[in-house]
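Enquirer: need coordinates for the following:
(one chain, ligands or ions: 1)
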Amino acid sequence: MSPDTLERLRSTIRDVPDFPQPGILFKDITPVLADAVLLRQAIEGMAAAFADQKVDKVVGIDARGFIFGALMAARLGAGFVPVRKKGKLPWRTRGLDYTLEYGSNSVEMHEDALAPGEKVVLADDLLATGGTAGAAVRLIQESGADLLGSAFFIELGFLDGRSKLAGSGPVHALLTF
Ligand code: AMP
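Expert: Residues are numbered from 1 along each chain as shown. You can find the predicted model right below:
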């Protein structure tokens, strides 16, 4: 991806101070989603890291990870699996509790969403402390699927979330702040 494109993506993300609570600088990606060209470039950039591999499923994390993950899945010729906040999935689930940059949370995945040996990529909009992605990694690994790696649109490098993803394959981020 060209430095120009990366710079356009970077400068289109809107910083919202003190959301959802004081001290958090929220990276608002909706201006990127609203731009037809930038949306496509963001998805292509995230998918590129896995384009030469056979991917069976992309797992996306509630809620902005659904957008990036499902579009990546379509691009990679893979299916999409949601990891959702507790209580939202209708079928039998397995779940995990974890801590977030601003609070704690619990995520679930349908217990039959991934089959052992399936090739899986994890996707989310943003890697902060890595708590959310780390929980999703454990859910994927418990299912017996083969996690190829993960793709984030944004990584907050100063929070070192990728240290929580050690041993789960390469961690790709399009933009690092
Ligand atoms: P974490 O578990 O700390 O890595 O947090 C990652 C999740 O929280 C992602 O799904 C993000 O959507 C969201 N998130 C955390 N921090 C921010 C932030 N500063 N700006 C936007 N989203 C964030």
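
Enquirer: CA atoms for contacts and neighbours, from now on please.
Expert: Fine.

Enquirer: buried ones in the host helix or strand of A135?
Expert: Per DSSP states H and E, A135 falls inside helix 131-142. Buried residues in helix 131-142, counted by 16 or more other C-alpha atoms under 10 Å: 131-137, 139-141.

Enquirer: go on, stretch 117-124?
Expert: So, applying 16+ other C-alpha under 10 Å, buried residues of stretch 117-124: 118-124.

Enquirer: and the contacts of that stretch?
Expert: Contact with stretch 117-124 is made by 54-61, 64-66, 68-69, 133, 136-137, 144-153, as judged by C-alpha atoms under 8 Å, 6 or more residues apart in numbering.

Enquirer: could you do stretch 88-104 as well?
Expert: 21, 24, 86, 105-112, 128-132, 135, 139.

Enquirer: next, G65: phi, psi?
Expert: In this entry, G65 is assigned phi and psi values of phi -70, psi -20 (degrees, to the nearest 10).

Enquirer: again, but for V81
Expert: Torsion angles, degrees, to the nearest 10, at V81: phi -130, psi 130.

Enquirer: give the bridge partners for the nearest residue to it once chain neighbours are set aside, please.
Expert: In this structure, V81 finds its nearest non-sequential neighbour in V59, 4.7 Å apart by C-alpha to C-alpha, 6 or more residues apart in numbering. Beta-bridge partners for V59, by DSSP bridges, are V81, L122.
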